[in-house]
Structures are given as C-alpha cells and as structure tokens.
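K.L.:
coordinates only, sequence not included:
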Ligand SMILES: C=C(O[C@H]1C=CC=C(C(=O)O)[C@@H]1O)C(=O)O
Ligand SMILES: [Mg+2]
C-alpha cells in the first residue's frame, strides 16, 4: 500500500504502523528499552498516564535558526505528515508517528562545546516506539519507504522490539565513582545576583532568572539507563525524561509542565517560588504556610501567572485560572503552583503555544527580552537544553512539553547539571544560592554525587 503510494509520488515517505500489544513480561519501567541505543527518548509524566519510549532515528528535524525554529519544525513535520502513510487503530494520544525533541533555552546565546550535539531545535521520529497508557500498551513502527524498497522491514522491526521487551533488567544499578565534583564559580554567581538585584531596584525590570552549573567527572562512562532508573525511582511525582543523541544524553526530573494539548484542551503550569522541605511533617507544613504567605515568593510567582494567563487568553476560547496558588511538593523542595486550563481556538498548534510561552518568567524573566539579555550578559554560561521546552507531539497535533529543569547533560564520563532561581528586587544572594543548592539535589542524588557540597 505505502509502496504504491511512494511510487505514485516518486519519493521517500514515512510509513507508520501501530498496534496494541500485550507486553510479554511487564518490567516496571521499561527503561531497558533504551539500552545500547545511540538515539532514543524516554518520557514519563507524573501520573504515569503516558510513558513513551522511542529508539532509533528514522527522520530528524533540526534547526539552527533563531527566530524561525518553532515554525520550521512545524512546517517540516506537516510536510512529512502530508505524504505519510499511517496505520493506527489505537485512537489514543501519543501513538503513531510522533516527533520527540527539544529547543535550546536561548538561540541568541553563544554555544559552548558541551552542547555541540544539540541544535537550537532537535527533533526526531523513532524507528520503534512503545506507548504505555494506564491500561493498554501500543507498539509503533516507523520506516521511510522509497519506490525501491518495501515494508517487509516491519516484520523484522517487530521481532527486534519483542526481543528488546524481553530484556532482563540491568545487572547493576551502580554508576561509576565520581572523581571530581565542582560548582562553577559560586562566588561570581552570587555577585551576579547582587548585580541583577541592583538592576531590578532601578525599576525597569521585574524579574530575571539566573542559573548556574556544576560539573561532575566520573571514573568511567555514565550509563544513561542507570541514571534514568535512579530518576524514576527517586522522583516519582515529576516528569522523568532522557533524550539520547549521538551518545550524549540529556536527562532530568522536572516538575514543571509548559503546555499539554489533547484535542482542544490545553493545560499549563505556573511553578515559581520555592522553600525547602522538612522531614518533620509539622515543620514541613509550617514551611509551606510561610511560602504561601511570603511576599517575595508570591511576587515571583504572580509574574509567571500573569504572563501565562495573557498567552492563554490570546489563544483560547475559555480559560480557567485559580485565584490563589497552592503548593507542589517534590522530595527536596516545595513550590507555589497554579494550574492553567483552557480550550484552544481552532488551528492553534502545540508548537505555536510553545513558542508563545517560552520562556515563561519562571525560566527567563519580565520583561522577557530585557531579562534574556541580562541573562546572556551576566550568566556567562550556555544553558543548552536546560530550561528549554522538551517534549513530544503526535501526528494528530496532541502533545506535551515541559521545561527541562532539574536536569543535566551527560557526555561520556562527564556530567553538567544546572539549577536556577527567580531573582526579584528583594532577593538575597545567599538565599538564592541556597535555593539553587536544593534544586541541584535531584540530579546530584541520581548521579551519586555529594548533596551538601
Ligand atoms: C529555574 C528553576 O526553577 C524554576 C521553577 C520553579 C521555581 C523557581 C524559583 O522559585 O525560583 C524557578 O523559577 C530550576 O529548578 O532550575
Ligand atoms: Mg525562587
């Protein structure tokens, strides 16, 4: 069928086949699927509603464009889908041909060597993909077919997937020993915070998010599957992702959704404003109350709510935003949290929403362009994919993007991890420094690093 189609238009087309599968022996997380793959992704949402795992790379969409990157990805994806042959009886989101990938935080910044593998937009369609929904599982196989070949390769791929799914769990959950763990210029970072605070006090800026990084060196290569397992085990209430490309891996456990779109229903999350957790339940509750009533944190949070609300009002027929934030707690930190819901106007794509929302003042600042310039000037770092949108979209236009925080890049036997925080006029450099320390913890723990350093 698809061969005939390819012949008719005389070019290579995407052929995608999805079927429901009864998985042979359910491993708890299916993380072993990514083993030994150069290009792969693993995606899990906090409720385990959707887990999507893809390996192999049949088609890549990348862009080094600055202003056009969202649009370019969308245009190329639409072109591919226009000629694609899709067999998908699942009638679910997250099955069939699906594009996974991410955007760098700031394409106007200078690129640092550690991020050379990832372009300003880096997306791919996997060859083999499994989608685990709450009750059912689906297998999607994607191949590029040209007039000369046929689709017998599908049988071969299916066998390959069944073998993969029968893999044993990894034999060791140990990561190699750490030989060096270094905070990059903490003193300089606090000075940058002071500098930004005085800019903010001048009054023409409201908020700037400043981030910093840590570098960790291991005795041997870090195995992405092992890191992924640690994140899945330790950060059950967050989005857990791992994105592998050419042997580099970008992984994390982010609590922050940027936008989810299923049909006309869209959701975003305002998450900004933080306080530590306590092992003592009463103390923990008291800390949460302090956060809810704290003027500085409420201001930090409100700027995010206003901006996301503006974007939603522009693109939605209906918008639902609670008046007051509540708390979201992860193992290390509690945040102010406001969910935003809407019904999107017709013909507004998820990528268009991503473009309009990125970066929210939880990652960039207010006003957006001025804050970005300040970050570029004072941070002296390339965030790469950290704090950028990462996620997936299927051929029906459904998808979900999160902001890639609590994350790090793994390059062979090195890891670079990142953490940032919202600076406002009454920020204190030492407190903000301690806040980033807490935000490093999820990645540090997953990597076996020292958490109090
Ligand atoms: C930028 C980060 O966190 C953001 C998300 C939640 C709370 C934040 C804050 O309170 O500063 C940050 O805006 C990070 O974790 O690297
Ligand atoms: Mg903060």
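P.N.:
That came in fine, so what should we check first? Please read these numbers as outputs of a predicted model, since none were measured by experiment. Ligands and ions are numbered 1, 2, ... in the order given.
K.L.:
C-alpha from now on. contacts and neighbour counts both.
P.N.:
OK.
K.L.:
enumerate the residues of this protein near ligand 2.
P.N.:
Within the chain, the positions adjacent to ligand 2 are 273, 274, 421, 422 by CA under 5 Å from the ion.
K.L.:
filter those to the buried ones?
P.N.:
273, 274, 421, 422 (16 or more other CA atoms under 10 Å).
K.L.:
tell me the pLDDT of the closest residue to residue 119 other than its chain neighbours.
P.N.:
In space, residue 119 comes closest to residue 64 once its chain neighbours are excluded; the distance is 5.7 Å by CA to CA, 6 or more residues apart in numbering. The score at residue 64 is 96. That number is its pLDDT.
K.L.:
residue 64: neighbouring residues, count only.
P.N.:
15 (other CA atoms under 10 Å).
K.L.:
give me the phi and psi for it.
P.N.:
Phi and psi for residue 64, reported as degrees, to the nearest 10, are phi -100, psi 10.
K.L.:
looking at the protein, which helix or strand does the model trust least?
P.N.:
The helix or strand of the chain with the poorest confidence is helix 2-9; it has a mean of 59 (mean pLDDT, DSSP states H and E).
K.L.:
tell me what the nearest residue to residue 84 once chain neighbours are set aside is bridged to.
P.N.:
Distances taken as CA to CA, 6+ apart place residue 14 nearest to residue 84, at 4.7 Å, with adjacent residues excluded. Under DSSP bridges, the beta-bridge partners of residue 14 are residue 144.
K.L.:
poorly predicted segments of this protein, please.
P.N.:
1-10, 24-27, 147, 149-151, 170-171, 453 (pLDDT under 70).
K.L.:
could you rerun that using 90?
P.N.:
1-12, 22-29, 36, 91, 134-135, 145-174, 203-204, 451-453 (pLDDT under 90).
K.L.:
residue ranges for the helices of it, please.
P.N.:
For the chain, the helices defined by DSSP state H cover 2-9, 69-83, 153-165, 186-202, 224-234, 281-293, 295-315, 350-357, 368-379, 429-447.
K.L.:
for residue 218, which of the ones you listed is the nearest?
P.N.:
helix 429-447 (9.6 Å; CA to CA).
K.L.:
and that closest one, what's buried?
P.N.:
Buried, per 16+ other CA under 10 Å, within helix 429-447: 429, 432-433, 435-444, 446-447.
K.L.:
what does the stretch 151-300 of the chain have sitting close to ligand 1?
P.N.:
By the rule CA under 6 Å from any ligand atom, the part of the stretch 151-300 of the chain lying against ligand 1 is 271, 272, 273, 274.
K.L.:
for ligand 2, what is the nearest residue in the stretch 101-250 of the chain?
P.N.:
residue 209 (8.5 Å; CA to the ion).
K.L.:
who does that residue form a beta bridge with?
P.N.:
residue 422.
K.L.:
so who does the nearest residue to residue 367 once chain neighbours are set aside touch?
P.N.:
Excluding the flanking residues, the one nearest residue 367 by CA to CA, 6+ apart is residue 205, at 6.3 Å. Residue 205 makes contact with 199, 366, 367, 370, 371 under the criterion CA atoms under 8 Å, 6 or more residues apart in numbering.
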